[in-house]
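Visitor: Show me how the following folds:
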Amino acid sequence: MAPSYAIPSSTTQKKSEEADALLRRRNEELERELRNSLEREERMKEDLIKLWRRLRVAEEGEERLCCQLGELEAEAVDQAREYGARVVKLMEQLNDAQRILGDQGSFCSASTISNDQ
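Guide: Okay, the predicted model is just below:
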């Protein structure tokens, strides 16, 4: 038996060319989508890096503020202690002055009584 050869018909060839064209268009579409996806990914990476840097700046600022707040609190405690000690000292002075005035008042009234007699 002699070998047989299949000769493609023109309709089969057209269908094959159409399928090839369709595959090429689909491939171009997919390549475009891939490029767009890679560009979006790159933009997202850049945005993420920017956000990460901003976060670091914010964290450093927070640390500085906490440190300053701690220093201010310590200073406020010292001032409150000094104020309390000053109040105690002034109260003691006031008590001493009242006692002295009370002693002088009784002395004055005793001397007035003895002078009247």
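
Visitor: before we move on, which element is the residue nearest the centre of the chain in?
Guide: Geometric centre of the chain, nearest residue: residue 58, 4.9 Å, by C-alpha atoms, centre = their mean. Per DSSP states H and E: residue 58 is located in helix 10-116.

Visitor: pLDDT of that helix, averaged?
Guide: Helix 10-116 shows a mean pLDDT of 91.

Visitor: Could you tell me how far it lies from the centre of the chain?
Guide: With C-alpha atoms, centre = their mean, to the nearest Å as the basis, helix 10-116 stands 6 Å off its chain's centre.

Visitor: tally of neighbours for residue 97?
Guide: 10 (other C-beta atoms under 10 Å). The C-beta positions use only the backbone N, C-alpha and C, and glycine is treated the same way.

Visitor: mind checking how far it is from residue 84?
Guide: Distance, residue 97 to residue 84, using C-beta to C-beta, to the nearest Å: 20 Å.

Visitor: Residue 61 too?
Guide: Residue 61 is 34 Å from residue 84, by C-beta to C-beta.

Visitor: With residue 78 instead?
Guide: For residue 78, the distance to residue 84 - C-beta to C-beta - is 11 Å.

Visitor: what does residue 22 give?
Guide: 90 Å.

Visitor: And for residue 93?
Guide: 15 Å.
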